[in-house]
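S.K.: This is a predicted model, with the sequence first.
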Amino acid sequence: MTTAVRSELAPYRPGPRAWGMLVGAEAKMVLRDTAGLLTPIMLPMLILVMAGFSAEGESLPNGVQVIDFFVIPLVLTIVLSTIGVLNMPGFLALYRRAGILRRLAVTPARPAMVLVAHVVVSIAHTVVGIGLALAVAVLAFGANLPAKPGLALAVVALAALTMYSVGLLVAAVAHSPNAAVAIGLVLFFGMGAGGGLFGSPGSMPEVVARIGETLPFGASVHAVGAAWVGTAPEPRHLLCMAAAIVVSALVSTRFFRWQ
Amino acid sequence: MLAIEVRDLHKRYGDTVALDDVSLSVNEGEIFGVLGRNGAGKTTTVETIAGLRLPDRGTARVLGLDPRRDRARLRPVLGVQLQDTALHTALTVRELVRLYRSFYPEGADPDELIDSLGLGPRRNVRFEQLSGGQQQRLSIALALVGNPRVALLDELTTGLDPEARRAIWSLVEGLRDTGVTVLLVSHLMEEVERLCDRVALIDHGRVVATDSPAGLIERAGLDQRVRFRASDDAFGTAVLDGVPEVISVEARGDQVTVTGTGNLLQAVSAALVHGGVVVTETRLERATLDDAFLALTGRSLTDETTDETTDETDTEDDR
């Protein structure tokens, strides 16, 4: 009898099926949130078309196309930051505010599972946004695919991690879904302004450009740009992104509330 | 083994004492009620049992397990319905039930469960578009979807109309038949009287009394009244003299009211038969659980005006 009870009360953790269902649930949440679904696809597309027309055929003195070195990194960074800094904190803050994380905490699933599932969906969303932007850039504006795909992928992955970390930081300090969206917008446009969102760093005052390239958005644009044309990114841009990840992780761990 | 054992729980939020020594023992297969006014400490108690809150002092055990330390062993057999929790807003009833079903090693068939809660016609409606009562029924479905051995149900029928409420009560009675232990938090007398084997009355963070609903009424020492109509206008109260259960007899015309204790109805009937008195329209007026609550705590269950404690749902978290 004792053994029967013991085996019935054996530890249980949800398996692949639960993970699959959770990822599916997050995917439906993202697909049914029309504005959040379209912004990371339409906004980069808009910037691509505007910057693409003015940069088309332009080259730097070293022969590198402006579209490869500046426009593509800018557009990819917009995809990464709209999803990481604008969308993700909004969802996490909503889940916490509505008690969804609390509700999950009393099931065999853990609240952290829903965060992981959401990141998985965000990555898929990012891949779709980047894929569409690249297709238009290559087909309409003669952009090149990266000379060293492995290097470019690694730097884009680092930039994605940076943006998701900043998003987690926003979710950790925001007390409501509205606050999360507001803080996310300020960060997105603040970092973006210094990083080339409204014009190339070359056309900015020196001090703004210097500050801009130390922030995650600008650092991402510079590092991805270098990687895209097959050169090594400057260490300071990589270090700035790494620093943003470390600071965000520390602050999030300290302040994130599950309920 | 006790299904739920709570010992000496204390919990304070700032200056507010939410739990001031709460102890409960719930047997397996029992439907156990926790009854009290808003702010009495009911929700803090149930959230501590669910492992969502850490008490300042005291212990909670469910099926002998610690709700926080033995999380992985307890969660698969524990069903919880919390107050004021939303779900993934954009998912439909069916998607949510299937999602939560996937968290448990075994459980109910999602579609049958949806039907049994009367949500069949709403199965493809998103959570955000459900009425409050429908959201409540979905929340109950999710508490039961893993075929729990122990179910914690906090304010089960809040926001439901009387018809839906009775349907949910039948469902809970069905749980008893399958041996599920239910801890039912409520402030509704009718619900507790109908469903619960035993009830703990909680007031100001303390357990005032624990007993069966009838036992609580009896313990409150409230008088019962037997009323009847005597067929003979010249009814003499002498026939009830010496009946130990009788405290007083009042005759007004042919209407007679007998006040007393214990098994009053049977004692009065026997005395009347013995005395050869024929009466009609006999009825027993018993004290209700509400009367007992008032007698045991000094305040009515529905009295909100003198509430001194804060709303439990706004208290700080401690995860």
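M.R.: Looks like it arrived, so ask away.
S.K.: And the strands in the stretch 201-319 of chain B, which stretches?
M.R.: With strands called from DSSP state E, counting those that start in this stretch, the stretch 201-319 of chain B shows them at B:206-211, B:224-230, B:246-252, B:255-260, B:279-285.
S.K.: any chance of those in TSV, plus mean pLDDT, distance to B:I4 and mean neighbour count?
M.R.: For every residue, glycine as well, the C-beta is placed using N, CA and C. As requested, the strands of the stretch 201-319 of chain B are arranged in TSV below (pLDDT from 0 to 100; distance: least, Cβ to Cβ, whole Å; neighbours: other Cβ atoms under 10 Å in any protein chain shown):
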stretch	mean pLDDT	distance to B:I4	mean neighbour count
strand B:206-211	91	13	18
strand B:224-230	85	33	20
strand B:246-252	84	39	14
strand B:255-260	85	37	19
strand B:279-285	84	34	13
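S.K.: Adding distance to chain A, write the ones you listed out as CSV.
M.R.: Shown next, in CSV, are those (distance: least, Cβ to the nearest Cβ, whole Å):
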stretch, distance to chain A
strand B:206-211, 23
strand B:224-230, 42
strand B:246-252, 50
strand B:255-260, 48
strand B:279-285, 43
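S.K.: To A:L139, which of the ones you listed lies closest?
M.R.: With Cβ to Cβ, the closest approach to A:L139 among these belongs to strand B:206-211: 73.1 Å.
S.K.: Quick check: which element contains residue 43?
M.R.: No chain in the question, so chain A it is. helix A:34-55 (DSSP states H and E).
S.K.: nope, chain B please
M.R.: With DSSP H and E as the test, B:T43 turns up in helix B:42-49.
S.K.: Now do that helix: which elements does it pack against?
M.R.: strand B:2-13, strand B:16-27, strand B:31-36, strand B:57-62, strand B:150-154, strand B:181-186 (3 or more Cβ pairs under 8 Å, 6 or more residues apart in numbering or on different chains; DSSP states H and E).
S.K.: Residues touching the fifth one, excluding its own?
M.R.: This means strand B:150-154. Contact with strand B:150-154 is made by B:3-4, B:42-43, B:46, B:49-50, B:62-63, B:77-83, B:140, B:143-144, B:172, B:175, B:180-185, as judged by Cβ atoms under 8 Å, 6 or more residues apart in numbering or on different chains.
S.K.: tell me the average confidence for it?
M.R.: The average pLDDT for strand B:150-154 rounds to 95.
S.K.: quick one, that strand and strand B:181-186 angle?
M.R.: Between strand B:150-154 and strand B:181-186, the angle formed by their directions is 10 degrees, by axes from the mean of the first three to the mean of the last three Cα atoms, to 10 degrees.
S.K.: Following element in sequence after strand B:150-154, please.
M.R.: With DSSP H and E, the next secondary element past strand B:150-154 is helix B:162-177.
S.K.: Could I get the buried residue list for the helix holding A:L43?
M.R.: A:36-37, A:39-41, A:43-45, A:47-48, A:51-52, A:55 (16 or more other Cβ atoms under 10 Å in any protein chain shown).
S.K.: biggest separation within those residues, which pair?
M.R.: A:G36 and A:A55 (28.7 Å).
S.K.: pretty sure B:R176 contacts B:V182?
M.R.: Yes - applying Cβ atoms under 8 Å, one finds B:R176 in contact with B:V182, separated by 7.1 Å.
S.K.: and for these two, which residues touch both?
M.R.: Going by Cβ under 8 Å, 6+ apart, residues that sit against B:R176 and also against B:V182 are B:I31.
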